[in-house]
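A.B. asks: Provided below are the primary sequence and the corresponding predicted coordinates.
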Amino acid sequence: MQARMNVAQVAPEAYRAVLGLEKYVRANVEHRVLELVKLRASMVNGCAFCVDMHSREALDAGESSRRLFAVAAWHDAPFFDERERAALALTDAVTRLGEHGVPDEVWDEATRVFAAKEVADLVLAIATINVWNRISVTTRTQPPTD
């Protein structure tokens, strides 16, 4: 499959704006949670480029391959703490945003285990990875084959 376009080249100002949001969430969301969120949303969205990038970045940062593989089945995996589970549930709900939005029980659990600012930053992180996924899937951005 060949890439359709390079958005960074065609619309550099817009790309820099999304990159600015990315920099914000990297600075404000706990790294371990952020990598799980990015990987999960990318799996849900079928973004090969982002699944590859975020799994490699997480491994490089010391995350275990066992936990990364388990992100695909996080509901049943025993490897995640309550904050990570709440973040993954929120990621699923926001990424698969249906006609009824984010269920109250998902929101309530997120606000129980995270402070308000942390939830706001988490929502921004989920929105940001969904933007990157939509850009990459639409333009058929391919992961490196090295």
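C.D. replies: Alright, I've got the coordinates.

A.B. asks: for the helix or strand where residue 51 lies, packing partners?
C.D. replies: Using DSSP states H and E, residue 51 falls within helix 48-60. Counting by 3 or more CB pairs under 8 Å, 6 or more residues apart in numbering; DSSP states H and E, the packing neighbours recorded for helix 48-60 are helix 31-45, helix 65-70, helix 116-139. The way it works is simple: take the backbone N, C-alpha and C, and place the C-beta from them, glycine included.

A.B. asks: Please tell me how far the closest residue to residue 125 other than its chain neighbours sits from residue 4.
C.D. replies: Nearest residue to residue 125 in three dimensions, chain neighbours excluded: residue 25, at 4.1 Å (CB to CB, 6 or more residues apart in numbering). With distances taken as CB to CB, to the nearest Å, residue 25 is found 26 Å from residue 4.

A.B. asks: and the angle for the one helix or strand residue 110 maps to with helix 116-139?
C.D. replies: In the assignment (DSSP H and E), residue 110 maps to helix 104-113. Counting by axes from the mean of the first three to the mean of the last three CA atoms, to 10 degrees, helix 104-113 lies at 130 degrees to helix 116-139.
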